[in-house]
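> no sequence on hand, only this structure:
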């Protein structure tokens, strides 16, 4: 097995968004891997990483496909990306699933993203029994780390960090617009209600039905997506958590007077980068929020050895089972050609 990827550890937000894969692009990439002779393919594309796990192809072949379908440049991937094969790739996958490689340490949203990636690959026929066994071990290990350690103690996520930022800098906002109700948007909405109350929050989502259901549960106001411009102009804080492949807030949607804070939790960025240069406009992105929850993260740091011990034990268990089950084909874990 091999993995090629680019993440928050080496690459800036601007570089990471170049390699972000939409669901349609991920499907096309997986299908391309299969058409070129690959046996397994799984694409993990989040706000802090894009990774492709595969068997049957070389690192260079998968890297080329990643760049082709994401639009990222191969020269930048060669400088800032990474590739692992064999047991090192397996170990990396376990650590990612356990939250040990997340931008926010112990952020267990990643395992939900792994499960979603697995479902997509399964639908496309890109998962063999061997690879499914690996994914099941990664998911099982993630649960064990969460239940047996305090690596996820306290509340720490991008959505929580955004709301904590508001608590510190805007404790009494008059109007908050939450744009987008995917997994991050929902989590942000729940944190907003819990920590700031619901009197100033307006929801907006492309699916009105989805917004209405969430709004009824939390007693919030909903506005149709067609009113995006006036809604932004009437809000003093706009939180963007959508999955658009390009910016949906540009200079055209920004009020000409008044102070506005834009918090962009999307990748690729859905708030145009040029807006940070406008007077009275402040733009915050995901990479700016980690410091907000430093106290929680320092507590989690102490749990790393315990979590690593669980991961190492799980890897050993998986490799032993793999050897017993499929020893004639152990070459699936052999090193592959590097770039």
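Yep, that arrived. Quick caveat: nothing in here was measured; it's all calculated off a predicted structure.

> mind checking the longest helix of the protein?
Assignment by DSSP state H gives helix 304-326 as the longest helix of the chain.

> residues near the nearest residue to residue 188 once chain neighbours are set aside, how many?
Nearest residue to residue 188, sequence neighbours excluded (CB to CB, 6 or more residues apart in numbering): residue 159, at 4.0 Å. Glycine gets a C-beta too; all of them are placed from N, C-alpha and C. For residue 159, the neighbour count with other CB atoms under 10 Å is 24.

> what do you get for residue 122?
Quick note: residue 122 (other CB under 10 Å) scores 14 neighbours.

> which residues touch it?
Taking CB atoms under 8 Å, 6 or more residues apart in numbering, we find residue 122 in contact with residue 132.

> and it, what element?
If you go by DSSP states H and E, residue 122 is part of helix 109-123.

> quick check: next helix or strand after that helix?
Once helix 109-123 ends, the next helix or strand along the chain (criterion: DSSP H and E) is helix 129-148.

> what comes up buried for that following helix?
130-131, 134-135, 137-138, 141-142, 144-146 (16 or more other CB atoms under 10 Å).

> thinking again about what came up before, and the average pLDDT for the helix holding residue 122 is what?
For helix 109-123, mean pLDDT is 94.

> tell me the angle that helix makes with helix 129-148.
Helix 109-123 runs at 160 degrees relative to helix 129-148, counting by axes from the mean of the first three to the mean of the last three CA atoms, to 10 degrees.

> helices of the protein, residue ranges please.
Going by DSSP H, the chain shows helices at 13-18, 23-35, 59-70, 74-80, 86-97, 109-123, 129-148, 158-169, 183-196, 208-218, 228-234, 294-301, 304-326.

> what pLDDT is listed against residue 291?
For residue 291, pLDDT reads 69.

> kindly report the same for residue 240.
Per-residue pLDDT puts residue 240 at 96.

> repeat for residue 279
In this prediction residue 279 is given a pLDDT of 83.

> what about it, how many residues nearby?
6.

> return the set of residues that bridge with the residue lying closest to residue 212 once chain neighbours are set aside.
Leaving aside its chain neighbours, residue 212 sits nearest to residue 222 (5.9 Å; criterion: CB to CB, 6+ apart). Beta-bridge pairing for residue 222 (DSSP bridges): residue 203.

> residue 37 versus residue 194, what's the distance?
Separation of residue 194 from residue 37 (CB to CB, to the nearest Å): 50 Å.

> looking at those two, which has the bigger crowd around it?
Between residue 194 and residue 37, counted using other CB under 10 Å, the more crowded position is residue 194 (13 against 9).

> remind me which residues of the stretch 51-200 of the chain are low pLDDT?
Counting by pLDDT under 70, the ranges of the stretch 51-200 of the chain that qualify are 154-156.

> let's see that with 90 instead.
Counting by pLDDT under 90, the stretch 51-200 of the chain has low-confidence residues at 102-109, 130, 150-174, 182-184, 187, 194-200.

> residues near residue 19, how many?
27.

> need the contact list for residue 304.
Shown in contact with residue 304 (CB under 8 Å, 6+ apart): 100, 105, 151.

> recalculate using a threshold of 7 Å.
Neighbour list for residue 304: residue 100 [criterion: CB atoms under 7 Å, 6 or more residues apart in numbering].

> same thing with residue 163?
188, 191-192, 195-196.

> got a list of what the residue nearest to it when sequence neighbours are not counted touches?
Closest residue to residue 163 apart from its sequence neighbours, by CB to CB, 6+ apart: residue 191 at 4.1 Å. For residue 191, the contact set (CB under 7 Å, 6+ apart) comprises 159-160, 163.

> any idea how far residue 249 is from residue 141?
On the measure of CB to CB, residue 141 and residue 249 end up 39 Å apart.

> likewise residue 59?
38 Å.

> more neighbours: these two, which one.
Set side by side, residue 59 and residue 249 show more neighbours around residue 249, with 24 against 21, by other CB under 10 Å.

> distance of the more buried one from residue 265?
Noted for residue 249: a distance of 13 Å to residue 265, by CB to CB.

> where do the contact lists of these two overlap?
Contact with both residue 249 and residue 265 is made by residues residue 240, according to CB under 7 Å, 6+ apart.

> quick check, pLDDT for the residue sitting nearest the centre point of the chain.
Residue closest to the mean C-alpha point of the chain, counted by CA atoms, centre = their mean, is residue 46 at 2.6 Å. Per-residue confidence (pLDDT) for residue 46: 90.

> mind showing which ranges of the stretch 201-339 of the chain have poor pLDDT?
207, 233-234, 236, 243-246, 251-260, 267-268, 273-282, 286-302, 321-339.
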